[in-house]
Every structure is written in structure tokens, then in C-alpha cells.
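K.L.:
This is a predicted model, with the sequence first.
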Amino acid sequence: MFKNYFRIAWRNLIKSKFYSLINILGLATGMAVAMLIAFWIYDEVTYNDYHKNHAQLAQVMTTFIDNDGKMETGQAVCMPIGTELRSKYGSDFKNVAMASWNFNHVLAVGDKKITENGMWVESNFPSMFSLKMVKGNITALTDPSSVLLSESLAKTLFGNADAMNKMVKFDNKESYKVAGVYQDLPHNTTLYETKLLLPWQKYITTEKWLKDAATQWNNHSWQAYVQVADNIDMSKETEKIKNVVMTHKVAATDGKEQAVLFPMNKWRLYSDFKNGKATGGRIQFIWLFSIIGVFVLLLACINFMNLSTARSEKRAKEVGIRKTVGSVRSQLIGQFLSESVLVAFVSFIFAILLVALLMPLFNKLADKSIALPWGNPVFWLVALAFTVITGIVSGSYPAFYLSKFDPIKVLKGTFRVGRFASLPRKILVVIQFTFSIALIIGTIIVFRQIQFAKNRPVNYKTEGLITISMSTPDLYGHYNALRSDLLETGVVDNMAESSSPTTNVYSNQIGFNWQGKDPNTLPVFGTIWVTLDFGKTIGWKIKEGRDFSKDFATDSSAMILNESAVKQVGMKQDIIGQIIDFNDRKYTVIGVIKDMIMESPYEPVEPTVFMFDPENVGIVTVAIKQGIPVRAALSKIEAIFKKYNPGAPFSYTFNDEDYAKKFADEQRVGNLATFFTILAIFISCLGLFGLASFVAEQRKKEIGVRKVLGASVFNLWRMLSKEFALLVIISCLIAIPLAWYYLNNWLQQYDYRTTISFWVFIFSGLGALAITLITVSFQAIKAALANPVESLRSE
């Protein structure tokens, strides 16, 4: 029986090639979109699942609480917290590991020198994160002279030679023995960019301040990770350990803080914190693209439903004859469902090819490394179920609709579909275009939000600046000579050093005091140390007072504030000349600069202070002269840096590119939304094209009569197009308020956000209407230009 069903289904596909092609192409596109989104969602929700213990791993976060109860949560913790968690809560944790931040290190093997990201970690860190060792022992970092390398880094440094027990020099200082090589972490892991692990025991003995930090509860400069014991609830454990640091603070000026366990399973999707709890983040994109995937597939299914029911009169006699010879309704439903499932399977083949073709572009847009799992049987089982379900969903309405025809009316020739038979099709078309128009509006608003933030005054120059990290000690102590040589090249306009780049603030400090300050408040300021020429190099804008200058010996105790810092200080009198205490030292405010966008362009600028201190800097910023070719300038700048730092490769970043990365997430969402919007519109237009073709064919005789009676091509085009245009207008009226509601809520997460202008809705509606008319016009004009003799010959 089923064999017969599919044989007849195949014959019907071949018989109606044009409509079969539209159905297959539409379903294939919808299925391809659904699969691409499913791959993306799977990659996101399985982020960090590579680590065997991911369900038990957590990062220890710090929630700072001010006197108004405002909470801010960050990753930085104090160094003693690791020892404290081990000693007081040892039974609750299988492992506790301290770690530094991910830093660039200069690695040298013979004449080969490269820079790569690495972390200083405690010896149990590799086993906690279940790194897969290719060679060596996972506990090798117990030896303070050892290092673990990723497989790709080992190959870069040593080629095909065995890296084990070879020596690698780090940052032009000490050499470490390669005690292990581990498998590279996959792209969908947080530590993907970490390519080497260095011994913590060596790190904490390298500098006196690091030795002192072991007992400092206010110095938050590190990371801590834990692996909880079996059956430990992390939320309950957070409540248990939250005051682990506060019990060691004595002075009121030390501030209030709580320790928080942030489970690894939430790192990717719930990175936004509110009131000390992880509340959201990328999870909103999971829901967004899940909805898009379902609706785009539904659009393709609607095409199948519409074309199948529109052509019902052509299948009516078939239904009548089958019922007359004994077919029951369930058999007819089975027949029609088998047709839709066959179409779905043919569409799936094309969908797989389309996914394989689009995957490189999709990976580029989504910043992923997703590959089709050809050899995974689970994938094929899921794909089989997905195809069958798609076939059943798309064929269900036509099957039940066609199978209910009365055979007597059909065979007597008195069967008519009725004046309201097209109403369900019209409703489905409205659903299609409502979703498509909403997607168009959403895509425009996303890009408007990005552009709005890009247009925000940065208040320093981003173009022509390069940033170079002083990752080796060779550059320290040569500031004046280095600057002089760079200026003599003729390609450098200025050069300065600082403790943070222009696109970030590495340090936030408390402990500031001034006359009139409320003693019960503990304001936090971004704190940046700079050399005298920093402001001139980056082109910051002085609002009041003056810049740092070598003409004033007192500038060693001078301070410059941004506008937000002035507001936070809140002095009624002029801030210039006022004294601010910091770390038991008095600073005189000499200037106020306009707020620079150094962190998120979507949020208010944090209060930030700048102090002159050439000994507390580690970032070099170089301003290239305007009109100088960048390649030529970099060549001369590199030669100077090689002179003072011959043991390290010349590694730099462009400040404007670093600033552009701040828009990456929103840009990625916008790009993906554009990608899916185009495909959704394509599917909708494909169905519309098929329907227009059928309507033109159905009304062929009417068109012939009207043409004989003098109707113009324009009149006929208007007659055939106005029904579809009306459906799109109805779609606009539904889509606009829905899109406004959801997009307005989405924009609320940004402090600095665009407005939703009415022209966006008008543009989207007119665009959808134009696309509809273009799609329908081809068939309408073709029908209007046809020779009426052909359509009326049988009359």
C-alpha cells in the first residue's frame, strides 16, 4: 500500500513540475535555515561541554556592594580566597585553583619568536578542566620550572619534532621545560584562546608585590575556579561562602563584597548580572533565533499548504473516483501525506546541499567553526525525524481538506470550492508576510542601534593610533630614548605610555577622599596611570584646566578627571585646583576632559581619573602622522622597537579596530538577522509567485473576456495584483505594533539607545509591498499579454 502511495506521489510530482519545483525549493530553503539555526543553537548550548566536569565547575566571582545597595559583579578576586576556600570549606570542593588573566607572552625557541596567550595556573587546574593530554603528565605544573603547551603551539614552536623536555624562553626572562602537550580546546570553549599554562607557584614568587598579595584581601587582580563535590547545590554553596572575604576586612573603607559561584554551564548564556545574580545574556539570542528558525520553516510549510489547496479542483475528480471505488478518508489522508513526506525528503536532500554550500558564509557571519556531522548517526536520526515531521506538518491541512470532498458533487460536475475556500490561504499569506515584515523592521532597528552607538562622540582620535604591549622587560626604562627615536623617523606624530589602552580600563579603585565627601560612601573610579604626552597622543579633549606638561614639576602629583568623575565627586565649587587623596597621597586636579568611550559604547562612561606615573605603565600608544602610508610607517616603527626589544616580535593592534570589536555581538546578530530575513522573504515570495501563477491560470478565461471587451494591460495587472497587495497591507498593520513592542523591550537593555522612528515602519511596509508587486507582476503581466483567442477557443 505504502509503495503504491509513493509511486502515485512521484507521478504527481513529475506531472506538475512547476509547482513541485516551487514546493521543493521553498521547503529546502526553510529546512536549510532551520538546520543552520539548530547547529548554531547546539553550538551555543553545549558551550564548554568539552570539559568532562563542566556541571561541577564554577568561577568564583565578586559582587561589590555600595552604601546605596547597588551591586556590581565581576570576575576579579583577591589571592587569599583560594587558600581560604580550601581550608574552611574543603569538604564542599573537590578542587580549588587560582589563575591569572589571559596575557600575551613572548615565546622564544632558538631564533624563532612568537607571541601567544597564556595563563599562570595552579597545578590542579588542567585536571579540573579535564584537558586531554597528547604527551606528558596532567599534573606536571607541580614543578615550578615546567609549562604545558597546546598541540598547535607545540607544532608552531617545534614543528614535527617532539616538544617534550625542550626549553622555551618566556618574555625574554626565564626558560621553562615543556612537561606536557594537550589537545587544542575546541572553538566553543571559554579557554579556546589559551594556548599555554604556566606554573602558579613560580608566578607568585617572581615579584615582591605578588608575594605580598597572598595576604591582601583588598587586591582583586586574579581569578579563582572551583570544582564542587558531588551533590553540592551551587546556589546553596554561594549562600554559604558569600562572606568568605568580608570576615577578613576590618576597615569601613575596605568596602562590602560577597563571593558568588558562577557555574560553568551559565558562563556563555547568562553572563549579565543583576543584584549579584546571573540573569541573562546571550540566552536572549537563543530564544530569538529559535523563533526565527521555527517561523521560517513554517513559511515554507505554508507555501506547500497554499499551493496544494489552491489546486484542489484539479485533484477533486481523483478524490471522487477513489471514494467511489471504495477508498476511505483515512486512506486518502495517507495518500496525500505520503506526497508531502516525499516532497520533504527530496527537499531535505537539497537542504543538506544548501547547508554545506552556505556553511562557510554562515560560520563567518556567526564567528563559529561549525561542521556538518556527516558521520554522526544521531544527526541522521534527528534529520530523519525532522524531515518526516516537516512533511506531515506541511501536508496535514491539504490532506484533511482534500479528503473531505463529496464524490457525488465532484463526479456530477457540480462541485465548487466556494467563495470562502480561499480564506485560509489568505490568512496563511498574511501570517507569512507579517513575520517577514517584522524581520525587516527588526533588522533595520538592530543596525540603527549599532550605528547610533558608533556615532556617539568618542572624544579622542581612534584612527592612526596603534597599541603595543610592553610584554618584555627590555622596553622598561627607555621611554625618553624610545620616544625620541620614534619621533625622528618622521612617521610618528606622538608617543606615550599608559596602564590601560584607549579601548579599556584595566583598573578600578576605591579609597579616594576629598573635602566634602560623604564618609559613608565608597565611590569607585577607573584608574589609569599615564606619561605626560598621553593626552596629546590620543587627542583627548580638554574641557577645563590644562593637560599634563613637563613644564610643571608638580604634575607628578597631578590628576585629570573625566566629566563623569567630576559628577561623582560632586563639588559645588570649581574642581580645578582641588585636592583629592588617593592611597595616602594628595593629588591636585589640573584638568577635566570630556568623557572618552573606553569601554562599552552602549553604557554610560564610568568615572575615571588619570595620574602621571611613568613607572606604573605597560601599554605603548603611537600616533602615526596623517597622510603617511600605514605600511611604510609600521616598517619604521618596527625597526625602532626591535632596537630596544630585539628579543620579542613586533606585535601591535590598531585602536580603531579594537574599538570596532565592541560592536561585534550586535553586528553579528544584525548580520545573521539580515541573512535569515533575506531567506524568509525569498520563501514568502516563492509561495506568492506560485499562487499568482495559479490565480492567473484559474482566471485565464475571465482575463480573455475582459481583454476582448477592451481591458488594458494595466487594468488587468491591477485586478490580479490588488488582492495580494491588500494582504500585504493587512500584514503590515499586524506586524508593525508587534515589532514595535518587542524591539522597544529589546532596546531597554541599553543605557545608550536609538529611538524607533516611524519611517522604519513605513520603509519596511513599502518595501514589502514593492517586493510583492514585483513578484506578482511577472505572472499578472504575462497573463494580461496572453492572446485571448487561446483562452477562449473552446468557448
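P.N.:
Sure, I can see it.

K.L.:
in this protein, what secondary structure element scores lowest on mean pLDDT?
P.N.:
Of all regular secondary-structure elements in the chain, judged by mean pLDDT, DSSP states H and E, the least confident is helix 407-412 with a mean of 56.

K.L.:
Bridged to Y225, which residues?
P.N.:
Q59, A97 (DSSP bridges).

K.L.:
got a list of what it touches?
P.N.:
57-60, 96-97, 99, 125, 128 (CB atoms under 8 Å, 6 or more residues apart in numbering). Yep, even glycine has a C-beta here, placed from its N, CA and C like the rest.

K.L.:
What are the boundaries of the strands in the stretch 651-795 of the chain?
P.N.:
Ranges of strands in the stretch 651-795 of the chain, per DSSP state E, counting those that start in this stretch, are 653-654.

K.L.:
what residue ranges in it score low on pLDDT?
P.N.:
For the stretch 651-795 of the chain, the stretches with pLDDT under 70 are 694, 697-698, 786-795.

K.L.:
Please, where are all the helices along it?
P.N.:
655-660, 664-698, 700-708, 713-747, 758-785, 788-792 (DSSP state H, counting those that start in this stretch).

K.L.:
I'd like to know which of those helices is closest to F262.
P.N.:
Comparison of the helices of the stretch 651-795 of the chain against F262 by CB to CB identifies helix 664-698 as nearest, at 19.3 Å.

K.L.:
helices or strands up against the helix or strand hosting V382?
P.N.:
Assigned by DSSP states H and E, V382 belongs to helix 377-402. For helix 377-402, the elements it packs on are helix 17-45, helix 283-310, helix 312-324, helix 329-366, judged by 3 or more CB pairs under 8 Å, 6 or more residues apart in numbering; DSSP states H and E.

K.L.:
and N117, how many residues sit next to it?
P.N.:
The number of residues packed near N117 is 17, by other CB atoms under 10 Å.

K.L.:
Can you tell me the SS state at it?
P.N.:
Under the three-state scheme (DSSP: H, G, I helix; E, B strand; the rest coil), N117 adopts strand.

K.L.:
Now do the same contact list for it.
P.N.:
With CB under 8 Å, 6+ apart, N117 has these contacts: 102-105, 193-196.

K.L.:
Okay, strands next: where are they in the stretch 401-550 of the chain?
P.N.:
465-469, 492-498, 508-509, 512-514, 525-530, 542-545.

K.L.:
tell me the SS of the nearest residue to H187 once chain neighbours are set aside?
P.N.:
Of all residues not flanking H187 in the chain, S369 sits nearest, at 4.0 Å (CB to CB, 6 or more residues apart in numbering). Three-state call for S369 (three-state DSSP): coil.

K.L.:
Distance-wise, check S369 relative to Y192.
P.N.:
Distance, S369 to Y192, using CB to CB, to the nearest Å: 9 Å.

K.L.:
What of M119?
P.N.:
For M119, the distance to Y192 (CB to CB) stands at 13 Å.

K.L.:
same thing with W529?
P.N.:
32 Å.

K.L.:
In terms of neighbours, single out the busier of those two.
P.N.:
Between W529 and Y192, counting by other CB under 10 Å, W529 is the more crowded of the two (20 against 16).

K.L.:
right, and the more buried one touches V609 too?
P.N.:
No - if you go by CB atoms under 8 Å, W529 and V609 don't touch, sitting 9.8 Å apart.

K.L.:
ok, back up a step: tell me which of the helices of the stretch 651-795 of the chain is the most buried.
P.N.:
Ranked by mean neighbour count, the helices of the stretch 651-795 of the chain are led by helix 664-698 with a mean of 20 (mean count of other CB atoms under 10 Å).

K.L.:
That one relative to helix 283-310, how many degrees between them?
P.N.:
10 degrees (axes from the mean of the first three to the mean of the last three CA atoms, to 10 degrees).

K.L.:
Compare the helices of the stretch 651-795 of the chain and give me the one nearest F350.
P.N.:
Judging the helices of the stretch 651-795 of the chain by CB to CB, what sits closest to F350 is helix 664-698, at 13.2 Å.

K.L.:
quick one on the thing from earlier: if any of the contacts of N117 are buried, put those into a ChimeraX selection.
P.N.:
Burial among the contacts of N117 is assessed by 16 or more other CB atoms under 10 Å; the matching ChimeraX selection reads:
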select :105,194,195,196
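
K.L.:
if we take the contacts of N117, which one ends up nearest to L357?
P.N.:
Nearest to L357 among these is E193, at 29.3 Å by CB to CB.

K.L.:
For that closest one, which residues are in contact?
P.N.:
102, 117 are the contacts of E193 under CB under 8 Å, 6+ apart.

K.L.:
how near is P126 to H51?
P.N.:
Distance from P126 to H51, by CB to CB: 11 Å.

K.L.:
nearest spatial neighbour of S651, skipping sequence neighbours?
P.N.:
Per CB to CB, 6+ apart, closest to S651 is T115, 4.7 Å.

K.L.:
Surely the one you found and L107 touch.
P.N.:
Yes - using CB under 8 Å, T115 makes contact with L107 at a distance of 7.2 Å.

K.L.:
who's more crowded, those two?
P.N.:
L107 (25 against 18).

K.L.:
how far off strand 465-469 does the host helix or strand of that one point, in degrees?
P.N.:
Element membership for L107 (DSSP H and E) is strand 103-109. Here strand 103-109 runs at an angle of 70 degrees relative to strand 465-469 (the same axes, to 10 degrees).
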